[in-house]
Structure formats: C-alpha cells, structure tokens
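> Fold the following for me, if possible:
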Amino acid sequence: MLNIVGESLYNRKNSGGGMRIAAYCVLGVLIAIIIAELVFNIYFISIYVEGESMYPTLTGAPAPDEEGGDFIFVDVTKKPDYGDIVVLKKTEGGRSYNIIKRAMAFEGDSLFMDGGKLYLKRSGESGYTLIDEPYVDSSNNSPLLNINTFSAHVVGEGGIFLLGDNRNASHDSRMDGDYPIKNLVGVTTEWSLAYKDKITSLYTFFKFTIPKSLNII
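Predicted structure coming up:
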C-alpha cells in the first residue's frame, strides 16, 4: 500500500513539474512576442493611404474614414534615397497632416520636367540625365498638362523635391516647392510595398484602424 501511495505522489509531482515547464514556455513565448512588438514599433509605423497621388503604385481611399486604401509601413530610422517613397509631415493653414510622395532630388540637385519627362542633375554632376520612371503610368502623365512641364529648379538647403507617381493629379513640389527634409516621418519599406495587398487584406479583415494623424494623402 505504501508503495502504491508513494508512486501516486511521485507521478503527481512529475505531472505538476511538466505543467510548470509548459507554463514557463508559454510565458516565455508571450514575453518574446511583446518584446518583438515593442522593438518593431520603434522602427516602423503603419500608414493608411488616402487620395490618388501615388496611383498606381499605391491605392488611396477616396475620402477619410472610407475603405479602399492601402496599408503600408514606413521605417522611421532610414534616410531617403533617390526614388524612395517617403512620408513627410506638412503644415498648411494651421493644420498638420502627412503626405506620401517619391523623393526625386535633394539639396544641391537640379531638375526639370519637359512634357512629363523628368531630367535630373545631381549635385556635382555636369549634365542632366533622363530619369527612367517605370512606376509612372503614361495615362497619368499627360505631356499636354502645364504641371508636367517646369523649368530647371535647384533644390535649396535642407530641402527635398517630391513628386507623386500620379503626375496628373498629385499636389507636390511642383506647386509647393521644396519640402523641409527635417519633416521626414519615414521611408516606405520595400517589404510592405511587395506585400501591400496581403497587409491590406489583413488590416481590412480584422478592421484595424490607424490614428487619423498617421493617415497620408
């Protein structure tokens, strides 16, 4: 009888130990997920796109609070390079909001556009180069529109020249001039552009929302 009782207690003790190990494993996984989430949020923020200025690269919701826009992520630690899609904060009429455009030129660079064709002379270079822009759809870049032609412009100190991919509809540096690069929010990540359809489907399915301050046009 004592042997039976002893074996029973031994088995229960071992069983309790296994449960504790399982609980520790689950807790460890949860802690790892929380840490990964915190680290992720240090480097990346999610953005909901509104408007048509970056079409067809990005699809924007037709109006605030409406569905149909892409969800993407921007890296808040990365410095922009030529051709990167960037997000900047813009202040107009006492209202601040984010804009998303493509970085085309930086301080000291010179560029001009002729009938929708963009020419760039980087700082220190002697001549202009025609920029290949496969992301611009010809149907959104009419050579007859005045906004798709402008004379040579030199980007000023601390400035960045931005253009939307939808040249016919984008409000950008052609109207506003250079934007202060100090207002940079971040650079759109390549992986979120590559998987934007899946990311958007996920956000839409779970009806995730993003603070209005992070919406971009």
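> going forward, measure contacts and count neighbours with C-alpha atoms only.
Will do.
> secondary structure class for residue 25?
Classification of residue 25 using DSSP: H, G, I helix; E, B strand; the rest coil returns helix.
> Could you check how far residue 110 is from residue 163?
14 Å (CA to CA, to the nearest Å).
> Hmm, I typed the wrong one, I wanted residue 134.
14 Å.
> Helices along this structure, start to end?
For the chain, the helices defined by DSSP state H cover 2-43, 173-176, 190-194, 196-205.
> If I average pLDDT within each of the ones you listed, which one is lowest?
In terms of mean pLDDT, the lowest-scoring of the helices of the chain is helix 2-43 (a mean of 60).
> pLDDT below threshold where in the protein?
1-18, 24, 27-30, 32-41, 207-217 (pLDDT under 70).
> pull the longest strand from it.
As assigned by DSSP state E, the longest strand anywhere in the chain is strand 95-106.
> How far does stretch 166-178 sit from its chain's centre?
Distance of stretch 166-178 from the chain centroid (CA atoms, centre = their mean, to the nearest Å) equals 19 Å.
> right, I mislabeled it, should have said stretch 62-76
9 Å.
> residues making contact with that stretch?
With contact meaning CA atoms under 8 Å, 6 or more residues apart in numbering, stretch 62-76 is reached by 43-52, 58-61, 86-87, 185-189, 192-193, 196-197, 199-200, 203.
> now do stretch 157-170
So stretch 157-170 is in contact with 52-57, 100-108, 116, 135-137, 140-142, 145, 147-148, 155, 171-174, 177-182, going by CA under 8 Å, 6+ apart.
> For residue 52, which non-adjacent residue is spatially closest?
Once flanking residues are discounted, residue 52 sits nearest to residue 60: 5.5 Å by CA to CA, 6 or more residues apart in numbering.
> From the contacts of stretch 62-76, list just the buried residues.
Listed as buried from the contacts of stretch 62-76 are 44-52, 58-61, 86-87, 185-189, 192-193, 196, 199-200, 203; burial here means 16 or more other CA atoms under 10 Å.
> For residue 79, give its distance to residue 165.
Residue 79 sits 20 Å away from residue 165, going by CA to CA.
> These two: which is more packed in?
Taking neighbours as other CA atoms under 10 Å, residue 79 and residue 165 compare with residue 165 leading, 25 against 12.
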